[in-house]
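1. please work out how this folds:
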Amino acid sequence: MANSQTGCAGWRRIGAETMGMERLTVYGSAYTRALRTLWMILELNVDYRHVPVGPSDRGELASAQFLALNPNARVPVIEHGEFVLWESLAINLYLARKYPSAGLAPATLEQEALAWQWTLWANSVLDEPVITVARHRLLLSKAERDEQLADSTWNALKKPFAVLEGALCRQPFLLGSAFTVADLNVASVMYRCLYLDMDEWPRVGLWLQQCFSRPAARAALEMRELKVPS
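-> Here you go, the predicted model:
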């Protein structure tokens, strides 16, 4: 697979569907939360321009041009024609609705509300704790790790993991029998759990494997030089 990070000016074709005059530009390296949006775009099979900026590009993020897109000086951001949107999970909800033929958008108003529910829940209760555990169990050097912090944070995650386990005991995906943007958003927040011990929540573990067995998910992780554990 070609590396998407080919420079700030390059368009990269990933599919057959064209976008007319509504060109889609994604700002954000795959090593940031833009990974979530890149996964979504790969699922949609549309053309896009990727500007792989990240925290190391402080000058570019602080530029007047970028601040006009996102005054928070953070990624990801998309430009879709004249429309600008930031926050990765909101971007994904928008794109699912924008391209309903991909089958990722909720089918009813009630399902859309549930997609928002799971998205907001994942962002509020899973995102930072999962990052903390991964950092102190997997990513930092042994000298930098705080095992006590990792253990206490992991214990706090057991309740939300149990909530997710309960939901997935009733149906294979969050909105029913099919994978949707709700699953993509929650799984993308949790992708580091692929490399953690999830045996206590077998349905969650199976669901994560199913989500990340999708070609688009694997391709997105490869942008970050990661592979799905077998």
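2. what residue is smack in the middle of this structure?
-> R36 (2.1 Å; Cα atoms, centre = their mean).
3. report how many residues lie close to M223.
-> M223 has 21 neighbours, counted by other Cβ atoms under 10 Å. Using the backbone N, CA and C atoms, a C-beta is placed for each residue, glycine as well.
4. that one contacts R36, correct?
-> No. In this structure M223 lies outside contact range of R36 using Cβ atoms under 8 Å: 11.6 Å.
5. what's the spacing between the residue nearest to the centre of the chain and R224?
-> As for R36, its distance to R224 is 11 Å (criterion: Cβ to Cβ, to the nearest Å).
6. do you know how far the residue of the chain most remote from its centre is from H136?
-> Here the chain reaches farthest from its C-alpha mean at A143, the gap being 29.6 Å by Cα atoms, centre = their mean. Distance of A143 to H136, given as Cβ to Cβ: 12 Å.
7. so after the helix or strand bottoming out on mean pLDDT in the chain, what's the next helix or strand?
-> Using mean pLDDT, DSSP states H and E, strand 11-12 stands out as the lowest-scoring helix or strand of the chain, at a mean of 36. Next helix or strand after strand 11-12 toward the C-terminus (DSSP states H and E): strand 24-27.
8. now for that following strand, which elements pack on it?
-> helix 34-44, strand 48-51, strand 77-80 (3 or more Cβ pairs under 8 Å, 6 or more residues apart in numbering; DSSP states H and E).
9. give me the contacts around the first one.
-> When you say that, I think you mean helix 34-44. The contact list for helix 34-44 (Cβ atoms under 8 Å, 6 or more residues apart in numbering) reads 4, 14-15, 17, 24, 26-28, 30, 48, 50, 75-76, 78, 88-89, 91-92, 95-96, 99, 102, 104, 181, 184-185, 188-189, 191, 214-217, 219-221, 223-224.
10. what does stretch 118-127 rub up against?
-> The contact list for stretch 118-127 (Cβ under 8 Å, 6+ apart) reads 89, 92-93, 157, 160, 174, 181-182, 185-186, 189-190.
11. what bridges to V84?
-> E79 (DSSP bridges).
12. these two touch, right, it and L67?
-> No. Using Cβ under 8 Å, V84 is not in contact with L67, being 11.7 Å away.
13. per-domain residue ranges of this protein.
-> The record's domain split for the chain, according to automatic domain parsing, is 11-102, 109-223.
14. and the shortest one, how far out from the chain middle?
-> Put plainly, it is domain 11-102. Distance of domain 11-102 from the chain centroid (Cα atoms, centre = their mean, to the nearest Å) equals 12 Å.
15. what strand or helix carries E60?
-> In the assignment (DSSP H and E), E60 maps to helix 58-61.
16. and that helix, what's buried?
-> L61 (16 or more other Cβ atoms under 10 Å).
17. can you list contacts of that helix?
-> 53, 55, 66, 73-75.
18. from those residues, which land in helices?
-> Among the contacts of helix 58-61, the ones falling in helices (DSSP state H) are F66.
19. any idea which of the contacts of helix 58-61 is least confident?
-> Within the contacts of helix 58-61, P55 has the lowest pLDDT, namely 86.
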